[in-house]
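Trainee: predicted model, plus sequence, below.
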Amino acid sequence: MTWLKAIPVLLWLAAFILVGWILSQLPLAAIAQTISTLSLGQWLAWIWLNLGIIVLATQRWWVLTSMLKLPVGFSELLRIRQAGQAVSFITPGPQFGGEPLQIFWLYKRNQLPIHKTLLAVGLDRFYELWVNFSILLLSVLLLLIFPTVAGVNWQKVSLLLALLLLMMSMLGWLLVKQPERVLRWITRVARHWQHHPRLQHIKTHWQQLGRDLNWAIQKQKSALFLAFILSLAGWIGLIGELWLLLSFFDLAFDFSAVLVILVSMRLAFLLPLPGGIGTLEAALFWAFQYLNLPAEAAIGLIALMRLRDVLVLMAGLWCLRLLHFR
């Protein structure tokens, strides 16, 4: 339908209008002034921390692919992951969109079984999302015990996150305990394409995926636990990056203030706008105003985060180009 094709354009338009309105209300000249005060040591610390976060995420995926006995090297996974992240960044939605291409690259380029590639990508995304929502829920619950951040209905936010986490956990339980029910649902959804050659063996692939998943849960507990630890380490890196960036601006903040900013940022990424454009800026300005922190520091923080996003996006597009030509 024509109106469906217009949705991405409207989302991008809404994002840029929101960014333009926010930035028009504040002094943009403070951006260059704030960034120019950073020392070489601060730049290097920030760069290495971000590289470490990317390496941890790729290492988790490598642990899962090795567990499934997929012969894919770390560097190849790094290229595929960053290319997929670039597609997800520019896709309207909460950081999704590059997964089908990641499955395609693993399956087509490396000649791997389709059920194993589906499981490798699915497990990696499940870890990332489940740990993300768990840490986010824990952060909101911690905010409930700080009287200094009262005034926001954190109870409703925590309830919403708990429901999302419960839904994800129930989906995981269904995949492990009742895969046939999920298969029947997938079959009903794909009934219009059941004669397509790629879908004629969907039942066989699904059964193989279920067997591999149960085998991993029963026999590969150490690898699954290591993937969980790597996910937690990545989140520690994200919190450390935020703390590092805030320290660049000589702000008087405590642990509760970091939690408010962190929760605001992560919730902004859940809204269906590509790369959180507009929503991230609005969330940070709200958080800084709520905490009585200077708006100039918020501008500087946004500038640094968007600079990082641009660099990561460019690296992802370069990886996408390499994968395309190879």
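Mentor: The structure has been received and is ready for your questions. Numbering: from 1, shown residues only.

Trainee: for the helix or strand where Ser88 lies, buried residues please.
Mentor: Ser88 is part of helix 74-90 when elements are defined by DSSP states H and E. Within helix 74-90, the residues scored as buried using 16 or more other Cβ atoms under 10 Å are 76-90. Quick note: C-beta positions are derived from backbone N, CA and C, even for glycine.

Trainee: what's the answer for stretch 121-139, then?
Mentor: Going by neighbour count (16+ other Cβ under 10 Å), the buried part of stretch 121-139 is 121-137, 139.

Trainee: same question, stretch 160-171
Mentor: Buried residues in stretch 160-171, counting neighbours by 16+ other Cβ under 10 Å, are found at 161, 164-165.

Trainee: please flag which of the residues you listed sit within helices.
Mentor: Secondary structure from DSSP state H places 161, 164-165 of the buried residues of stretch 160-171 in helices.

Trainee: can you lay out the buried residues of stretch 160-171 as TSV showing distance to Trp154 and pLDDT?
Mentor: As requested, the buried residues of stretch 160-171 are exported to TSV (distance: Cβ to Cβ, whole Å; pLDDT from 0 to 100):
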residue	distance to Trp154	pLDDT
Leu161	10	79
Leu164	15	78
Leu165	16	79
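
Trainee: let me know the closest of the residues you listed to Leu322.
Mentor: Leu164 (35.1 Å; Cβ to Cβ).

Trainee: show me what contacts that closest one?
Mentor: Phe133 (Cβ atoms under 8 Å, 6 or more residues apart in numbering).

Trainee: gap between it and Val63?
Mentor: Separation of Leu164 from Val63 (Cβ to Cβ, to the nearest Å): 25 Å.

Trainee: can you give me the helices in the stretch 101-250 of the chain?
Mentor: In the stretch 101-250 of the chain, helices defined by DSSP state H, counting those that start in this stretch lie at 110, 114-143, 154-177, 179-189, 202-219, 221-247, listed in chain order.

Trainee: give me the number of residues near Ser66?
Mentor: 16 (other Cβ atoms under 10 Å).

Trainee: relative to Ala57, how far out is it?
Mentor: 15 Å.

Trainee: coming back round to it: now tabulate the ones in helices among the buried residues of stretch 160-171 in TSV and tack on distance to Ala227.
Mentor: As requested, these are exported to TSV (distance: Cβ to Cβ, whole Å):
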residue	distance to Ala227
Leu161	22
Leu164	21
Leu165	18
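
Trainee: backbone phi and psi for Leu293, please?
Mentor: Per-residue torsions, Leu293: phi -100, psi 150 (degrees, to the nearest 10).

Trainee: which residue is the nearest non-sequential neighbour of it?
Mentor: Nearest residue to Leu293, sequence neighbours excluded (Cβ to Cβ, 6 or more residues apart in numbering): Leu251, at 5.9 Å.

Trainee: in what helix or strand does the one you found lie?
Mentor: Per DSSP H and E, there is no helix or strand for Leu251.
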